Structures are given as structure tokens and as C-alpha cells.
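# Show me how the following folds:
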Amino acid sequence: MPATAHPVCVTALYRFARFADPAALRGDLAALCTAQGVKGTLLLAREGVNGTIAGTDAGIAAVIAHIRALPGCEGLDVKYSRAAEMPFHRMKVRLKREIVTMGEPDIDPLADVGHYVAPHDWNALISDPGTILIDTRNDYEVAVGTFAGAIDPQTRSFREFPAWFRSRREQLLGQGTPPKVAMFCTGGIRCEKSTAFLKAEGIEQVYHLKGGVLKYLEDVPAEQSLWQGECFVFDERVTVGHGLVQGHYGLCRACRRPVDATACASPLYEEGVSCPACHGERSDAQRAGYRERHKQELLAAARGVEHVGAVLPSAGENA
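I've put the predicted structure just below:
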């Protein structure tokens with residue numbers, strides 16, 4: 001897509017590395033992002049860095065160069081796309097226990113992970129009848145798009161994945177020689193941990209899509225694709241399709257889940273307040289607060305200023 005029509009560079013990145021003191025890295029990284037006008041979210045932990053940021057081409061290049069200069073980050077995984085408008089309201093650099101939360105402290109993707117499969121080789125692998133294909137993303141992500149034939153664990157968070165696999169291991173793999181297991185996620189980071197987890201569980205033939213769904217949608221033409229639907233992304237674009245073109249979903253401001261035309265037509269949907277997925281999860285008092293926030297956003301828009309408002313609960317970590 002031409003940069004003139006889509007001037008904002010959006011970058012999803014991650015790298016597993018060993019940071020002795022991630023807190024010491026936070027200040028300089030946050031200051032650089034602010035100075036370059038870059039917005040988004042970056043997570044720092046002892047196991048590395050993860051996030052999605054957006055800005056000018058020059059601003060993004062400066063931040064990427066800075067991160068690649070950090071210990072162990074010269075091989076930083078980076079995926080670029082473009083947007084017509086800035087898809088983030090602010091810049092956040094957060095310290096976390098994990099850069100993608102699985103809750104399995106002994107899993108180390110730097111020690112052992114599955115086999116990487118390039119996007120152009122992925123179709124052959126998942127079309128093999130001897131391959132079990134697992135979508136490691138959360139239920140609301142799977143609902144807007146996935147690969148044909150993929151198993152949906154129906155998890156609400158990545159933390160639930162280990163228990164899901166352990167409870168269904170025999171059902172999935174049988175009692176004979178374990179089949180090939182292929183897994184995928186949005187940008188590749190969750191699969192680094194999920195394949196490392198399966199290796200730790202004794203599964204040797206484990207494969208994952210290098211660069212995730214985003215790289216597949218970027219590299220594989222639509223006419224050759226086995227992807228069905230759109231791919232949820234953790235920014236204001238909400239979803240993207242082939243060629244990483246912005247998709248057709250909106251975003252519920254209460255729960256940060258994607259909403260389509262059917263959801264918006266539901267009596268449980270109220271812009272800025274609730275959607276069918278989250279209406280039963282929120283109290284009347286919470287919805288009243290969301291309603292007031294949405295009112296202030298509309299007033300700010302009428303004045304031509306940006307109203308960022310309170311930090312909303314995220315549907316999940318960037319992947």
C-alpha cells in the first residue's frame with residue numbers, strides 16, 4: 001500500500017533475550033519514543049521485549065535501531081505495515097514478568113523451540129493429513145479468522161493454554177507415535193512459548209509459522225491462501241486482511257474485543273459502553289462510567305481535541 005495514502009508505519013516486534021535489569025532499559029527507550037513521536041506499547045521483562053508501535057518511518061527506524069542495540073536483540077523480529085492514521089493514543093513502556101504471559105516459569109524459548117516454517121511453506125505442512133493444526137490465540141481472535149481445519153482451544157487468555165493441552169493431550173495425539181503438531185499465532189511470539197512448552201512436554205515434531213499470521217497475510221497471495229476471515233490486531237485498526245489492509249471490524253471500547261455488523265445491531269451493543277460479548281461481564285455502575293467517558297470523548301471530538309481517557313482493560317497482550 002502506498003506510503004502517501006498510509007503515512008503511518010506500524011511495527012510489531014519481539015525478541016526473546018536475557019535482560020539482567022529490564023528496568024534500567026525503560027527510561028531511555030521511553031524517552032526516545034516520545035522524542036520521535038512514536039506511540040504504542042512496548043513490554044520489557046527479563047526474557048526480552050515485545051510490542052507494537054507506530055509513527056513516522058524515521059521515528060520507527062530510530063526506535064528499532066535502539067532496540068536492536070540492546071543485549072541479545074540484534075535478531076529482533078520486526079513486521080511492518082501501514083495505516084492511514086495513528087492507531088494508538090499514547091506511548092507506554094511497561095515492565096512485566098513475561099513479555100507474553102503463559103505462567104510456566106521453566107519454559108525458555110531461548111533454550112528449545114519448535115521448527116520454524118516460512119509462510120510460503122506453511123500450506124504444504126498444514127495440508128498434510130498427518131499434521132495437527134492448533135490456533136494458540138484467544139477465543140475472540142479466532143472468531144474473526146483462522147486457518148481452515150485449525151483446532152480452537154477456546155481459551156480466554158494464553159495462560160490457559162498449558163492446562164488445555166495437558167487435559168487433551170491423549171485426545172489430540174493418541175497413544176502411538178505423536179503426529180506433527182503445527183501451531184500459529186498473530187505475530188509469532190506466542191508460538192515461541194507454545195512450541196517450547198510442547199517440547200518440554202516431550203513432543204518433538206513441533207512446528208510454528210515464522211512471523212505469525214501477519215507475515216503469512218503479507219507474503220502469501222489471497223488466491224493461494226488457506227486463511228479464512230481477518231486477523232485481529234491489538235491497535236485501532238482492529239483487524240487486517242491479506243496484504244495487511246485494514247479489515248471490517250470495529251472495537252468495543254469496554255472490553256477491547258472486535259465487533260462486526262451483527263454485534264453492533266444487537267440490543268446489548270451500545271457504542272463506547274458494551275457489546276454482546278461483555279455486557280454480562282460488567283455491572284451497571286461500570287457501564288455508567290463507560291457511558292460518561294464516551295460522552296466526554298464525543299465532546300472532545302466536537303471541540304477538535306483528542307480525549308484519551310482512562311486506560312481500558314485490554315482484550316489480551318499483543319502477540
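# can you list the weak-confidence ranges in the chain?
Scanning the chain with the threshold set as pLDDT under 70 gives 1-4, 175-178, 306-319.
# tally of neighbours for residue 218?
Burial measure for residue 218: 16 neighbouring residues, criterion other C-beta atoms under 10 Å. For every residue, glycine as well, the C-beta is placed using N, CA and C.
# Would you mind giving the domain segments of the chain?
In terms of domains, the chain is parsed into 8-95, 115-229, 253-303 (source: automatic domain parsing).
# Let me have these in CSV, extended by distance to residue 247.
Shown next, in CSV, are these (distance: least, C-beta to C-beta, whole Å):
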stretch, distance to residue 247
domain 8-95, 12
domain 115-229, 8
domain 253-303, 9
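# can you tell which of those domains is closest to residue 241?
Set against residue 241 and scored by C-beta to C-beta, the domains of the chain come closest in domain 115-229, at 6.7 Å.
# what's the first-to-last distance across that closest one?
With C-alpha to C-alpha, to the nearest Å as the measure, domain 115-229 spans 26 Å from end to end.
# so what's residue 59 closest to, chain neighbours aside?
Of all residues beyond its chain neighbours, the one nearest residue 59 is residue 36 (3.5 Å), with distances taken as C-beta to C-beta, 6 or more residues apart in numbering.
# which residues does the one you found contact?
Residues in contact with residue 36 (C-beta atoms under 8 Å, 6 or more residues apart in numbering) are 55, 56, 58, 59, 60, 62, 63.
# Pull out the buried members of those residues.
When the contacts of residue 36 are checked for burial by 16 or more other C-beta atoms under 10 Å, the buried set is 55, 59, 60, 62, 63.
# For burial, what's the neighbour tally of the closest residue to residue 281 other than its chain neighbours?
Excluding its sequence neighbours, the residue lying closest to residue 281 (C-beta to C-beta, 6+ apart) is residue 255, at 7.0 Å. Residue 255 has 21 neighbours, counted by other C-beta under 10 Å.
# Secondary structure element for residue 255, which one?
Taking DSSP states H and E as the definition, residue 255 sits outside all helices and strands.
# what about it, distance to residue 289?
To residue 289, residue 255 is 14 Å away according to C-beta to C-beta, to the nearest Å.
# One more: residue 144?
Taking C-beta to C-beta as the criterion, residue 144 is separated from residue 289 by 27 Å.
# Show me the helices in the chain, by range?
Assigned helices in the chain, in chain order: 23-35, 57-68, 119-127, 139-142, 161-173, 189-200, 212-219, 261-264, 284-303 (criterion: DSSP state H).
# looking at the ones you listed, which is closest to residue 12?
helix 212-219 (6.2 Å).
# tell me the angle of the closest one relative to helix 189-200?
For the pair helix 212-219 and helix 189-200, the angle between their directions (axes from the mean of the first three to the mean of the last three C-alpha atoms, to 10 degrees) equals 120 degrees.
# Show me what helix 212-219 is in contact with.
12, 79, 81, 119-120, 122, 145, 184-189, 191, 209, 211, 225, 227, 231, 233, 240-244, 319.
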